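K.L.:
what's the 3D shape of this:
(one chain, ligands or ions: 1)
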Amino acid sequence: MAQINENYLKLQAGYLFPEIGRRVREFQQQHPGAEVIKMGIGDVTRPLSPAIIRAFHEGVEEMANARTFKGYGPEQGYDFLREAIAANDYQQRGADIQADEIFVSDGSKCDTGNILEIFGNNNTIAIQDPAYPVYVDTNVMGGRTGKYQTGGYYEGIVYMPCTAENGFIPELPKQKVDVIFLCYPNNPTGTTASKQELKKWVDFARENKAVILFDSAYEAYIADPAIPHSIYEIEGAREVAIEFRSFSKTAGFTGTRCAYTVVPKNLMAYTSEGEARPLHPLWFRRHTTKFNGVSYPVQKAAAAIYTPEGKKEVQETIGYYMNNARIMRESLSALGFEVYGGVNAPYVWFNSGRGMKSWDLFDKLLHESNVVGTPGSGFGPSGEGYFRFSSFASYEDVVKAMGRLKELTW
Ligand SMILES: *Cc1c(COP(=O)(O)O)cnc(C)c1O
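P.N.:
Next comes the predicted model:
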């Protein structure tokens with residue numbers, strides 16, 4: 001008798017975006033003439049830039065010729081890409097990361113979920129609330145939680161509330177935690193963490209022999225030079241942190257698929273006897289056993305992001321989205337919303353300022369303005385009352401949507 005993984009039965013997953021889709025469809029059936037503007041989902045809309053496309057084509061052409069054809073590549077990624085990453089994303093920022101500490105993959109969604117495999121089942125996991133839903137759901141699938149409880153929490157996870165009251169930076173946990181997920185610039189709140197704030201977490205992890213899983217998928221959106229792009233800009237972080245980066249939001253690779261994970265060679269975790277062991281060989285083993293590398297043309301395309309033209313073009317696209325974010329911020333503030341994020345991240349996080357629940361605001365915006373965003377409560381219980389707009393829409397749609405919000409009556 002084949003038995004299922006019953007942990008999957010605990011999942012409440014698939015609630016948020018399907019529920020948004022259901023409400024939007026129902027509204028459209030009742031109002032077939034309404035033009036609905038979608039600013040909900042975190043997917044980019046601008047095409048890959050010319051330098052990236054050129055490199056992508058070159059990679060495809062090489063595959064068409066017996067002399068340059070490539071079969072299986074190194075599972076951890078081609079050296080040309082890993083070296084470009086180490087030099088540009090780390091060494092140039094004063095972070096000591098080497099090419100052989102970088103694992104190229106097909107996405108940070110997979111990596112942030114899969115990384116749990118190299119940690120024992122008895123770890124206590126701490127997760128920001130609200131958060132990117134993958135962190136919680138993959139812990140549920142892996143059997144690291146108890147049941148789903150009313151109120152939106154799973155037993156066994158340490159939730160770290162991030163609200164306006166604490167500036168969206170969680171308090172250090174009072175109880176013992178072993179693995180800590182942190183995401184900055186943050187999805188969904190669009191907020192960032194300073195060097196001093198990250199230092200506090202690195203020190204906490206060092207004192208508690210914990211490991212930080214740092215998701216910096218949105219680092220390319222940081223405009224303020226004082227904000228760290230990588231956790232490795234913090235002294236001591238090499239000993240306690242794994243970092244996840246993705247080209248998805250940086251350079252429009254959501255449909256192309258390329259990301260990477262950094263596991264420093266001196267990062268340790270412990271056996272049940274308390275003996276320190278490096279995590280790098282474990283992730284190396286996992287990656288080379290269960291993954292066969294990202295396609296060569298995609299890695300060629302990703303490497304083009306680090307060329308002078310590539311860098312310039314990527315910045316132009318980011319500037320386009322950040323102009324949308326600015327328009328959203330200014331419009332929402334003028335309308336009396338409490339607005340956060342959207343300065344060093346593509347997400348604008350706001351509160352009606354009128355004590356409304358997230359889903360009530362969702363329905364109001366859908367019905368009265370025909371504008372779709374994401375209810376904050378869908379990212380975790382502490383997101384209740386908040387709402388997220390993504391700046392990955394077209395400029396024209398953003399201007400039109402903000403104009404409609406001005407007509408709202410309360
Ligand atoms: C979009 C996103 C990612 C990137 O996921 P990919 O699988 O690389 O496309 C990672 N983390 C967060 C928080 C995200 O929002």
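
K.L.:
Enumerate every residue touching Ala164.
P.N.:
Ala164 sits next to Glu338, Tyr340, Asn351 when contact means CB atoms under 8 Å, 6 or more residues apart in numbering. C-betas here are computed from N, CA, C, even on glycine.

K.L.:
Quick check: neighbours of the helix or strand bottoming out on mean pLDDT in the chain in the sheet, parallel or antiparallel?
P.N.:
Scoring the helices and strands of the chain by mean pLDDT, DSSP states H and E places strand 148-149 at the bottom, with a mean of 92. Strand 148-149 pairs in its sheet with strand 153-154 (antiparallel), by DSSP bridges.

K.L.:
any weak-confidence spans in the stretch 1-150 of the chain?
P.N.:
Scanning the stretch 1-150 of the chain for pLDDT under 70 picks out 13-14.

K.L.:
list the contacts for the residue of the chain found nearest the ligand?
P.N.:
For the chain and the ligand, the shortest gap (CB to the nearest ligand atom) falls at Gly107, measuring 2.8 Å. Going by CB under 8 Å, 6+ apart, Gly107 touches Ser246, Ser248, Arg257, Cys258, Ala259.

K.L.:
at 6 Å what do you get?
P.N.:
Arg257, Ala259 (CB atoms under 6 Å, 6 or more residues apart in numbering).

K.L.:
Tell me the secondary structure at the residue nearest to Ser230 when sequence neighbours are not counted.
P.N.:
Nearest non-adjacent residue to Ser230, counting by CB to CB, 6 or more residues apart in numbering: Ala95, 5.2 Å away. Following DSSP: H, G, I helix; E, B strand; the rest coil, we place Ala95 in the coil state.

K.L.:
for Ala95, what are its contacts?
P.N.:
Ser230, Tyr232, Glu233.

K.L.:
want to try CSV for these, with neighbour count and secondary structure as columns?
P.N.:
Shown next, in CSV, are the contacts of Ala95 (neighbours: other CB atoms under 10 Å; DSSP: H, G, I helix; E, B strand; the rest coil):
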residue, neighbour count, secondary structure
Ser230, 21, coil
Tyr232, 25, helix
Glu233, 16, helix
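
K.L.:
Include distance to Ser333 and pLDDT when you put these into JSON lines, please.
P.N.:
JSON lines is the format used below for the contacts of Ala95 (distance: CB to CB, whole Å; pLDDT from 0 to 100):
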{"residue": "Ser230", "distance to Ser333": "30", "pLDDT": "98"}
{"residue": "Tyr232", "distance to Ser333": "34", "pLDDT": "98"}
{"residue": "Glu233", "distance to Ser333": "31", "pLDDT": "98"}
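
K.L.:
Let me have those in TSV, adding distance to Arg23 as columns.
P.N.:
Putting the contacts of Ala95 into TSV (distance: CB to CB, whole Å) gives the following:
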residue	distance to Arg23
Ser230	38
Tyr232	42
Glu233	42
